[in-house]
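Novice: need a structure here:
(one chain, ligands or ions: 1)
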Amino acid sequence: MINLYAYPRSRSTRVVWMLEELRVDYTFTKIDLMKGGGQTEEFKKIHPDGKVPAIDDDGFVLTESAAILNYLGEKYATSGLVPYAGTPERARYDEWSYFVLTELEQPLWTVGKHTFVLPEGKRVPEILEVAHWEFLKACDVLEKKLTDKVFAMGDTFTAIDILIAHTLRWANAFKVPSESERLDSYREKMSARPAFERVVRRELAAS
Ligand SMILES: N[C@@H](CCC(=O)N[C@@H](CS)C(=O)NCC(=O)O)C(=O)O
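Specialist: Below you'll find the model as predicted:
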């Protein structure tokens, strides 16, 4: 049985979403980041940095949201949520994955960190303008990459859509709009999936 260490509406939402798409059983252990739950000695044995998400799959512990999506996709390979390793489709999937983590999420997270995440004394307000500009540049690239596509990989929903849609939902929550109707409509379409409705319920129950 998979145990997920999570905090609602954080990057662990990506893993909840993946597990709900896969419809596998899992337990949800809330790590209350707001109350120092990540910094306990007990949790640091799971994640030395005290962060979520982390999973424990029958003794195999894994951290990093994108790595967990890949692990789960390969474990439940027939789901098609992660293309088989060694194929052009997988190379394209990896290309998407790195783009989301390094180009799209990174400037958005910089905005988040310097707005509400870091302790006030560590925030550098001057960085916000350039980080916002970089995020919009990445959104522009994303919009072009998604042109004429229902899903990032084409006609099939994959774990990349989880990564992108979650990041766009974060942008909305951080009040950093993508300024793109196409991206807004893509985000809403992904969020209307039945699996995502189950994510919302599961996270609400843990809130
Ligand atoms: N690159 C990691 C980032 C994990 C991360 O920073 N998680 C945040 C929540 S979204 C966290 O646990 N923060 C608590 C802390 O920094 O102490 C991933 O994608 O899993």
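Novice: which parts of this structure are strands?
Specialist: 2-6, 26-30, 54-57, 60-63 (DSSP state E).
Novice: out of those strands, which is the most enclosed?
Specialist: The highest mean neighbour count among the strands of the chain, using mean count of other Cβ atoms under 10 Å, belongs to strand 2-6: a mean of 22. No exception for glycine: its C-beta is placed from N, CA and C like everyone else's.
Novice: now do that one: distance to the chain's middle.
Specialist: Relative to the chain's own centre, strand 2-6 is displaced by 15 Å; criterion: Cα atoms, centre = their mean, to the nearest Å.
Novice: pLDDT on it, on average?
Specialist: Throughout strand 2-6, pLDDT has a mean value of 98.
Novice: again, but for stretch 100-113
Specialist: Summarised as a single mean, pLDDT over stretch 100-113 is 98.
Novice: pretty sure residue 65 is touching residue 15, no?
Specialist: Yes - in this structure, residue 65 is within contact of residue 15 by Cβ atoms under 8 Å, at 6.2 Å.
Novice: for these two, indicate the residue with more neighbours.
Specialist: residue 15 (30 against 23; other Cβ atoms under 10 Å).
Novice: quick one: residues contacting the more buried one.
Specialist: 4, 6, 53, 55, 65, 68, 69, 72 (Cβ atoms under 8 Å, 6 or more residues apart in numbering).
Novice: do the same with residue 139
Specialist: Contacts of residue 139 (Cβ under 8 Å, 6+ apart): 104, 178, 179, 180, 183.
Novice: what of residue 69?
Specialist: Contacts for residue 69 (Cβ under 8 Å, 6+ apart) come out as 14, 15, 18, 81, 82, 159, 162, 163.
Novice: check the gap between it and the ligand for me.
Specialist: Distance, residue 69 to the ligand, by Cβ to the nearest ligand atom, to the nearest Å: 10 Å.
Novice: look up the pLDDT of that residue for me, please.
Specialist: We have a pLDDT of 98 for residue 69.
Novice: which residues touch the residue nearest to residue 204 when sequence neighbours are not counted?
Specialist: The shortest distance from residue 204 to any residue other than its chain neighbours is 7.5 Å, reached at residue 8 (Cβ to Cβ, 6 or more residues apart in numbering). Counting by Cβ under 8 Å, 6+ apart, residue 8 makes contact with 30, 203, 204, 206, 207.
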